[in-house]
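Curious how this folds, go ahead:
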Amino acid sequence: MNATVSKGRGKTAVKPPRGAQYRASEAFQAVINDHSTPVDWIAQPDPERRPLTGHDVEQFRVRNQLSFNTAADALAFVTPFHFKKHAGTSGPLKIEFELLLRIYARHPRPAPWVVVTPKQMFERFYGQLADEFGDVSKKPAKAMLYSRFGALFGRYADAVRRWVESNGKAERVTLRAMEKLSELENPRALAEELARQIYGLRGLDFDHEFPLPDLKNPPIPGKRGPTKGRKAAADDAVIKKIIKRKAGGVDEKASVNPAAKSPSVKKTTKAPAVKKVAKSPNPKTKT
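Below is the predicted model of the structure:
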């Protein structure tokens, strides 16, 4: 997904990347949704050369001499039952769980008691870089950074957009990984290093799939989405008519047929004329 090279009429030009291209690819979706393919940890016991499995969850508890309750809390499991359930799986762990386990392997101490939000971590990771882009390229640049930041924790760009722009909540394990990273001097360097390892063991190049936006070749806005269909356009026309009718008090039928009279105006009918009886010129007198 880096900048593409186009060839035409003997000239070579580097095209800036489009923001719309940085959506979740099929390869990325396959990686983060694959939890059933067995990983032979017996044939490859070195966890640095294979994806982590439920076996490594139990090894984390045994290596650090933790109880089931303490280990479950360290890995952000709701109950010890969930810990045992994940410890019995043979497929690759979710990206966020493997990230947390590998952080503990580098820094084997409990997570700090701090409140960390995903928005704060994004600003710490990529906030300064996003602010360096101009008005035109800032939005697609942030879309690229949303994709990269979300991939660190096994999430799509839409989740990061919800975290950053709407103060959305993340899952427990994601927050626990962010808590562990927040205590480091350079958390972004470690997170990206581990992401390269985690995705590389699954056959995906992290930096190629989720590149950083380049200031020398800034991204340009992509397509905003499909155009509206006939039904959507018809619905919009109906809504506009309703709004116009409410605002001006004009009936829809009256706007179609100007000759039609408004139903709100009552039709006044004249009373029938009363015939006057002519008086006789010589009225009779009583005798």
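
Would you map the strands across the protein?
Assigned by DSSP state E, the strands in the chain fall at 4-8, 11-15.

Going by mean pLDDT, which of the ones you listed comes out lowest?
Here the lowest mean pLDDT among these goes to strand 4-8, at a mean of 41.

The stretch 1-150 of the chain: helices as residue ranges?
Under the criterion DSSP state H, counting those that start in this stretch, the stretch 1-150 of the chain contains helices at 26-33, 54-63, 68-74, 80-87, 95-106, 118-122, 128-131, 135-152.

Could you save these as CSV and add columns showing distance to P218 and mean neighbour count?
Glycine gets a C-beta too; all of them are placed from N, C-alpha and C. Shown next, in CSV, are the helices of the stretch 1-150 of the chain (distance: least, Cβ to Cβ, whole Å; neighbours: other Cβ atoms under 10 Å):
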stretch, distance to P218, mean neighbour count
helix 26-33, 23, 14
helix 54-63, 41, 18
helix 68-74, 42, 18
helix 80-87, 42, 17
helix 95-106, 29, 22
helix 118-122, 20, 20
helix 128-131, 12, 13
helix 135-152, 4, 22
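
Out of these, which is closest to L190?
Evaluated over these, closeness to L190 peaks at helix 95-106, with 6.9 Å, by Cβ to Cβ.

Low-confidence stretches in the stretch 51-200 of the chain?
Applying pLDDT under 70 to the stretch 51-200 of the chain flags no residue at all.

What separation do you get for E48 and A191?
Applying Cβ to Cβ, to the nearest Å, the value for E48 to A191 is 17 Å.

A191: neighbouring residues, count only.
Using other Cβ atoms under 10 Å, A191 has 23 neighbouring residues.

tell me the contacts of it?
Residues counted as contacts of A191 (Cβ atoms under 8 Å, 6 or more residues apart in numbering) are 99, 125, 152, 181.

Likewise for W163?
If you count contacts by Cβ under 8 Å, 6+ apart, then W163 has 117-119, 122, 169-170 around it.

export these to CSV and tack on distance to N217?
Below are the contacts of W163 laid out as CSV (distance: Cβ to Cβ, whole Å):
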residue, distance to N217
T117, 32
P118, 28
K119, 28
F122, 23
K169, 35
A170, 32
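
thought R61 was touching N69?
No - between R61 and N69 there is no contact under Cβ atoms under 8 Å: 10.4 Å.

related to what we said a few turns ago, of the helices of the stretch 1-150 of the chain, give the one that comes closest to L201.
helix 95-106 (9.1 Å).

elements contacting the closest one?
When contacts are defined as 3 or more Cβ pairs under 8 Å, 6 or more residues apart in numbering; DSSP states H and E, helix 95-106 sits against helix 54-63, helix 172-182, helix 187-200.

Tell me the one among the contacts of A191 nearest to D135.
Set against D135, the nearest of the contacts of A191 by Cβ to Cβ is F125 (22.2 Å).

Please name the nearest non-neighbouring residue to that closest one.
Excluding the flanking residues, the one nearest F125 by Cβ to Cβ, 6 or more residues apart in numbering is R188, at 4.6 Å.

Could I get the contacting residues of that neighbour?
Neighbouring residues of R188 by Cβ under 8 Å, 6+ apart: 124-126.

From the rest of the structure, what touches stretch 50-62?
Applying Cβ under 8 Å, 6+ apart, the set of residues contacting stretch 50-62 is 39, 41, 44, 47, 66-68, 71, 74-75, 83, 86-93, 97-98, 101-102, 104, 198, 201-202.

now with 7 Å?
39, 41, 44, 47, 71, 86-93, 98, 101, 104, 201-202 (Cβ atoms under 7 Å, 6 or more residues apart in numbering).
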